[in-house]
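**Student:** only geometry, no sequence info:
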């Protein structure tokens, strides 16, 4: 291939990319036109143009949520290759929209997390400007974070926007600093809890399945139990988080109903898992395939629950604006706002559209760019997402689903790093004990060591103690240090972690500044 051919190829690639980008922009413009028409025709407002503009901003926020936040639900499944990127986008889009439209709720809090005191902003026009500024700032910040490939909490983005716009409208006394402190604590609490629970699950799977000599028999016993726990956890999670707007389940009700469902599922799934395991090889890679369906199932349920809950970040302020603009609205500010179906439709479709058009960027970041995931690790991340939220809810602790998922990914990555480091040290010990032996003998021992279970590994290492000869080893200290450094950076990318944590820390301040700026601009425009 000569230079002319290369140039032609590059031009064709660029042309194709430009065409795809034009299609995306066309889809966004079409969506915006449709929701503006819907707002004007279905919104009962004395100011239809203002409501249409607010709806456009709400739709923009919904698309930003879809492009950024949804990656946490499907990223691990895609990264582990349990499902293709296209398949994940289709599943997530359908369940996100379903959760938002069917279970998004009829009533939302207009003041997210009670971060500001609405009694101190009693002018309806000022309140309208605060809500509109909140939407604008939250959408812009989440959009910027998506461009930078940083998964951030959309809830924190909205909280920052409300805080900034609220302070601009009513001064620092309007803010509920105690609530803000609780939100700040979730920056640490969420990823730590998510990471710990994911690590505990992964250690359990390793000890009971992958470290066993007969992995197939171990999987027949353990995988159905894991699926039972998954069905119980996701059932309770769905009832408490995904369906809470349809019916307010108590913790006891959710736990009891989901336990019965999980028990029925266990009875049905156990013979299927056993038949499937019989056809597999006795390897970790083969056993991994048993976690494919649970991962797809968890991605769907997480997406449904996410759509039902986080759609409020887009439609909550929009619903408040709509309520303020209603013909029948009296002076003052309503603490609750009715959400008509058309607003939930805007939120649900917007999230799905944002996911389909711009979600792949963040899905790849969560699924493969922080650390390599297989299906067992991805399953542990999904379990962590559900169990951490349930645990935090029971204890009354504030957590972020985005931070939980990323914390779980980082946790399993660091566990892999630790295990690989220990394995490296064991291999050093083996080679040292075989000093003077031929290369074939060493390779055979290492191969048998890799296949052995935990107890066998321990016995094999014990047998080498008497055979070890001195402390000298072929690799120098500098070489071993470099090799260990390579292992660490290969398994967990520090640069990705640092970038994500930095984006978490500045989310509330950044969206707060944008909220204050947007409020001042809106006040000038509205007069």
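**Tutor:** Great, that's in hand. Small disclaimer: the values here were computed from a predicted structure and weren't measured.
**Student:** For the most centrally placed residue in the chain, give me its contacts.
**Tutor:** For the chain, the residue nearest the mean C-alpha position is residue 72 (1.9 Å; Cα atoms, centre = their mean). With contact set as Cβ atoms under 8 Å, 6 or more residues apart in numbering, residue 72 has these partners: 151, 302, 306, 366, 385, 401, 402, 404, 405, 406. C-betas here are computed from N, CA, C, even on glycine.
**Student:** can you do 6 Å?
**Tutor:** Applying Cβ atoms under 6 Å, 6 or more residues apart in numbering to residue 72 gives the contacts 366, 402, 405.
**Student:** for whichever strand or helix holds it, which positions count as buried?
**Tutor:** Assigned by DSSP states H and E, residue 72 belongs to helix 71-79. The neighbour-count check on helix 71-79 (16 or more other Cβ atoms under 10 Å) flags 71, 72, 73, 74, 75, 76, 77, 78, 79 as buried.
**Student:** can you check stretch 208-216 too?
**Tutor:** Applying a neighbour-count criterion of 16+ other Cβ under 10 Å, one finds 208, 209, 210, 211, 212, 215, 216 buried in stretch 208-216.
**Student:** From residue 377, how far off is the third one?
**Tutor:** Here residue 210 is placed at a distance of 11 Å from residue 377 (Cβ to Cβ, to the nearest Å).
**Student:** What strand or helix carries residue 506?
**Tutor:** Going by DSSP H and E, residue 506 is part of helix 494-526.
**Student:** tell me what that helix is packed against?
**Tutor:** Helix 494-526 sits against helix 124-147, helix 154-170, with contacts defined as 3 or more Cβ pairs under 6 Å, 6 or more residues apart in numbering; DSSP states H and E.
**Student:** so who does residue 279 touch?
**Tutor:** By Cβ under 6 Å, 6+ apart, residue 279 has no neighbours at all.
**Student:** what phi and what psi does the backbone show at it?
**Tutor:** Residue 279 adopts backbone torsions of phi -90, psi 0, taken as degrees, to the nearest 10.
**Student:** repeat for residue 116
**Tutor:** Torsion angles, degrees, to the nearest 10, at residue 116: phi -130, psi 160.
**Student:** what number of residues lie near the closest residue to it other than its chain neighbours?
**Tutor:** Distances taken as Cβ to Cβ, 6 or more residues apart in numbering put residue 166 closest to residue 116, at 3.6 Å, once the chain neighbours are dropped. The number of residues packed near residue 166 is 30, by other Cβ atoms under 10 Å.
**Student:** For residue 166, give me the pLDDT.
**Tutor:** Per-residue pLDDT puts residue 166 at 91.
**Student:** Likewise for residue 493?
**Tutor:** So residue 493 comes in at 84 (pLDDT).
**Student:** and it, what does it touch?
**Tutor:** Contacts for residue 493 were tallied using Cβ under 6 Å, 6+ apart; they are residue 370.
**Student:** when you give positions from now on, start the count at 22
**Tutor:** Shifting the count to begin at 22 puts that one at residue 514.
**Student:** what's the spacing between it and residue 170?
**Tutor:** 12 Å.
**Student:** Please name the nearest non-neighbouring residue to residue 426.
**Tutor:** residue 93 (3.7 Å).
**Student:** do the same with residue 88
**Tutor:** Nearest one to residue 88, counting by Cβ to Cβ, 6+ apart, is residue 379 at 3.8 Å.
**Student:** ok, then the element right after the host helix or strand of residue 53?
**Tutor:** Using DSSP H and E, residue 53 sits within helix 24-63. Next in sequence after helix 24-63, counting helices and strands by DSSP H and E, comes helix 69-89.
**Student:** now that following helix against helix 145-168, angle please.
**Tutor:** Counting by axes from the mean of the first three to the mean of the last three Cα atoms, to 10 degrees, helix 69-89 lies at 30 degrees to helix 145-168.
**Student:** about what we covered before: now the helix holding residue 93 against helix 145-168, angle please.
**Tutor:** Using the same axes, to 10 degrees: helix 92-100 against helix 145-168 is 20 degrees.
**Student:** Mind listing what's buried along the helix or strand encompassing residue 284?
**Tutor:** Per DSSP H and E, residue 284 falls inside helix 272-299. Across helix 272-299, burial judged by 16+ other Cβ under 10 Å covers 275-276, 279, 282-283, 286-287, 290-291, 294-295, 297-298.
**Student:** How about stretch 342-349?
**Tutor:** Neighbour counts using 16+ other Cβ under 10 Å place 342, 343, 344, 345, 346, 347 of stretch 342-349 among the buried residues.
**Student:** can you tell me how far the closest residue to residue 312 other than its chain neighbours sits from residue 379?
**Tutor:** In this structure, residue 312 finds its nearest non-sequential neighbour in residue 396, 4.0 Å apart by Cβ to Cβ, 6+ apart. Per Cβ to Cβ, residue 396 is found 26 Å from residue 379.
**Student:** out of those two, which sits in the busier spot?
**Tutor:** Taking other Cβ under 10 Å, residue 396 and residue 379 do not tie; residue 396 has more neighbours (22 against 19).
**Student:** In the chain, where is pLDDT below threshold?
**Tutor:** 22-38, 66, 124-134, 348-359, 444-511, 548 (pLDDT under 70).
**Student:** what about residue 51, how many neighbours?
**Tutor:** Number of residues near residue 51 (other Cβ under 10 Å) recorded here: 11.
**Student:** Distance of it relative to residue 62?
**Tutor:** Residue 51 is 17 Å from residue 62, by Cβ to Cβ.
**Student:** All set now, cheers.
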